[in-house]
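# Need a 3D model of the following:
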Amino acid sequence: MRMPIIIVDDLTDLDKAKMSVEQKKIEIKLERWLTSKCCEEIKEYIQAGEEEDILVKGITEEKNPFKEKGGCVIC
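Numbering: from 1, shown residues only. Reported below is the predicted structural model:
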């Protein structure tokens with residue numbers, strides 16, 4: 001089901017206030033976490049996969065699909 005397109009500039013102040021209240025009702029039901037707890041969990045997750053992470057460890061020459069296969073010679 002597609003949401004209708006609403007042009008906010010065409011709404012009355014009362015309609016805008018109602019939309020804001022409805023949005024806040026949705027947001028208040030969301031579970032909230034402390035940023036410090038989230039950051040710690042993200043840090044642990046990153047450190048747990050650090051050994052396999054190509055961005056941290058790099059790609060070995062044998063597995064690098066972009067390594068130069070040979071030089072370019074211009075005559």
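# What ranges does this protein have for its helices?
Remark: helices assigned in the chain by DSSP state H are 13-28, 35-48, 54-57.
# Adding mean pLDDT and mean neighbour count as columns, could you present the ones you listed in TSV?
Using the backbone N, CA and C atoms, a C-beta is placed for each residue, glycine as well. What follows is the helices of the chain, written out as TSV (pLDDT from 0 to 100; neighbours: other CB atoms under 10 Å):
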stretch	mean pLDDT	mean neighbour count
helix 13-28	94	10
helix 35-48	94	10
helix 54-57	83	10
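# Between these, which one is closest to Lys63.
helix 54-57 (9.0 Å; CB to CB).
# chain center to that closest one: distance?
How far helix 54-57 lies from its chain's middle: 19 Å, per CA atoms, centre = their mean, to the nearest Å.
# now stretch 51-65
The answer for stretch 51-65 is 23 Å, by CA atoms, centre = their mean.
# residues contacting the residue nearest the centre of the chain?
What sits nearest the mean C-alpha location of the chain, by CA atoms, centre = their mean, is Ile42, with 12.9 Å. Counting by CB atoms under 8 Å, 6 or more residues apart in numbering, Ile42 makes contact with nothing.
# hmm, back to that, dump the helices of the chain to a markdown table, plus distance to Lys69.
Converted to a markdown table, the helices of the chain look like this (distance: least, CB to CB, whole Å):
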| stretch | distance to Lys69 |
| --- | --- |
| helix 13-28 | 54 |
| helix 35-48 | 34 |
| helix 54-57 | 20 |
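# Quick one: closest of these to Gly70.
helix 54-57 (24.4 Å).
# Quick check: end-to-end length of stretch 49-58?
13 Å (CA to CA, to the nearest Å).
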